[in-house]
Structure formats: C-alpha cells, structure tokens
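Enquirer: Just to be clear, the model below is a prediction. Sequence and coordinates:
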Amino acid sequence: MPTNEQRRETAKRKLERQLENRAERERKRRQYTIIGSAVGAVLVVAAVVATVVLVNRDSGPQTASASTSTTETSSPFDVPPPAEAGALPEFVAPEGLGSDCQYPQSAESASKPNNAPRTGEVPTDPAQVSASMETDQGNIGLQLDNGKSPCTVNSFASLAQQGYFNDTPCHRLTTSDSLGVLQCGDPTGEGTGGPGYQFANEYPTDQYQPDDPALNAPVVYPRGTLAMANAGPGTNGSQFFLVYKDSQLPPQYTVFGTIDETGLATLDKIAAEGVADGGPDGAPKLATTVKTIQLD
C-alpha cells in the first residue's frame, strides 16, 4: 500500500504532466494562429497586388504605377472588377479649371531629357486640340480634351513638342475580359519611366469629393478613350493608355482625349495579335513603337 509520500509524489508527477500537456497544446495553438495569420496576410497581399496594377508602372505617374523610385504605374488591369459598372460622370467644369497647373519634381529623374511645361494658368480654349500619333503599326489620330483636362493636355503637348515620345515603345497590352488597353509613353519600355515631374488628376476624378467611396467603384472607360496612367492621385507623368474596348476602371485615371477610327483600327490590329507571352497582360506580341506625336 503506497505511503502518503508516494501518493504525493504520484500526484505531483500527474500534475506536472498535465501542465506540460497544457503548455504543449497552447504552444501549438499559438503556432497555428501565427501560421494562419501569415497565410491570411499573404492572401491579402496577393489580392491587393492582383487588384492594383495602370495603368500603371510609371515611376512618377506611377502608372500605373507610383511615386517612389521604380514604383510601378498603377494599372488595375489584372483582375476583372465587378460586372456592374456605371458610365463616366457627366463633366461639370470645377472651379478654377486650368487656373493653376503645377508640375512638381518627382522622386525619380527624367527617363529622357525634357523641360517641364509652363505652370500657372493655361487656356481651356480651344476645347479640342488635334494630334497625330505615328507608330510603326499605323497612325492613331487623337482629339485632346483641353476643355476638360487642360493641365494634362498642357503636359502631353509639351512633351510631344519636345520629341519626348519619339521612338519610344508601347510597352504594355492588356486583353482581359473587362479591360482592353495599350499603354505607351515610357522611354525606358519597362513601365517605370517618367518625365521627372508629376501632376494632379483631372476629369473624371475632379467630379468627386476626395473621400467619395465612388472613387473606388468601377466605371466604364469607353472604347476610343485616351487616359493617363498613374500610381495614385497626383502621380501623373508621361505614361498614357489607349482604350480599344470598353474597360472597367475606378474613375482615378484622367481622361484627356479620344481616338479616331483610323487609330482604333490600328489598336485592333495590335490587340488581335495578343500579348507576347500569351497571357492577358504584358508586352504586345506585335511590337509597337511610337515614332512621333505631333499637334495638328
């Protein structure tokens, strides 16, 4: 028959085993929690990366894709947004339109020498400015919306007149179900180049209050739209995209013109060949170079 001492020793060992088992269970629980959190974080990051792209791998506008060194210009081109998307908002001239265009220096150096456009007030008349974009795949006629996005047109026209776009590649083609665009304007061809300055969004972003949740909801950028790539508000630079089919994007990419029928035929030809690697987004298989952009 066990003595009291033996019973106490047995009870002590039993309690120790229980405490050890409890500690082991708690350790595993914490480990599983950490692993689950890590997996969840990875999935969240993956979702964000997949959702945020443009328009934009642009270093200054970056456009698609950002405002820090080698940031990609934002191009939410990779994941189809919800099927329901409204039209672009009706244009209502905001107070002070074109009265104070500013082009502050970006964190990245210019990818090709240029002088920043004039600052301050720029004219909104004429409302339309014609331009011709010559590529090695065909001509693309443009009508620049100076009456809606004068600061953007002022920059685009300045770069065009300086030959900034001459002999530069159109580095990105997107062919997803909800997005069809060709992106150009980066002299590096890598999606990270810009003019060394950046500037604010205009139409349609300026039709909303800055905290309006509708800024994050997709709208239809119709076939024939010319718009700026960026990496968020105030990061526009030189990269732009041409819409060859109705595309869904949040209204955070400045629309500054339209494309004529000849230009759309050229874009259709490029899009028909698809992406070089066979995916929905990447360098166009039919390599396309902008030879010149001239104001008519």
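Expert: Right, received. Where do you want to start?
Enquirer: Can you pull the phi and psi angles for residue 156?
Expert: phi -60, psi -50 (degrees, to the nearest 10).
Enquirer: Can you verify my assumption that it contacts residue 256?
Expert: Yes - counting by Cβ atoms under 8 Å, residue 156 does reach residue 256; the two are 6.6 Å apart. C-beta here means a position set from N, CA and C on the backbone, and glycine is covered the same way.
Enquirer: what touches both of those two?
Expert: 144, 240 (Cβ atoms under 8 Å, 6 or more residues apart in numbering).
Enquirer: where does the chain dip in pLDDT?
Expert: 1-83 (pLDDT under 70).
Enquirer: wait, is residue 215 part of a strand?
Expert: No - assigned with DSSP: H, G, I helix; E, B strand; the rest coil, residue 215 falls outside any strand and is helix.
Enquirer: do you know how far residue 274 is from residue 135?
Expert: 17 Å (Cβ to Cβ, to the nearest Å).
Enquirer: now swap in residue 295 and tell me
Expert: 17 Å.
Enquirer: who's more crowded, residue 274 and residue 135?
Expert: Between residue 274 and residue 135, counted using other Cβ atoms under 10 Å, residue 135 has the larger neighbour count: 21 against 16.
Enquirer: Name the residues linked to that one by a beta bridge.
Expert: residue 138, residue 290 (DSSP bridges).
Enquirer: Begin at 7 from now on, thanks
Expert: Yep, numbering from 7; the last one is residue 141 now.
Enquirer: wait, isn't it in contact with residue 272?
Expert: Yes - contact between residue 141 and residue 272 holds when scored by Cβ under 8 Å: they sit 6.7 Å apart.
Enquirer: ok, now which ones touch residue 292?
Expert: Taking Cβ under 8 Å, 6+ apart, one finds 143, 275-276, 279 in contact with residue 292.
Enquirer: Would you confirm that it belongs to a strand?
Expert: No - according to three-state DSSP, residue 292 belongs to no strand; its state is coil.
Enquirer: Next one: residue 268 relative to residue 189, how far apart?
Expert: From residue 268 to residue 189 the distance is 20 Å (Cβ to Cβ).
Enquirer: Neighbour count: the two, which is higher?
Expert: residue 189 (30 against 13).
Enquirer: where does that one fall, phi/psi-wise?
Expert: phi -110, psi 130.
Enquirer: for the closest residue to it other than its chain neighbours, what are its contacts?
Expert: Spatially, and ignoring its direct neighbours in sequence, residue 189 is nearest to residue 178 (3.9 Å; Cβ to Cβ, 6 or more residues apart in numbering). By Cβ under 8 Å, 6+ apart, residue 178 lies in contact with 63, 81, 187-189, 197, 247, 287-290.
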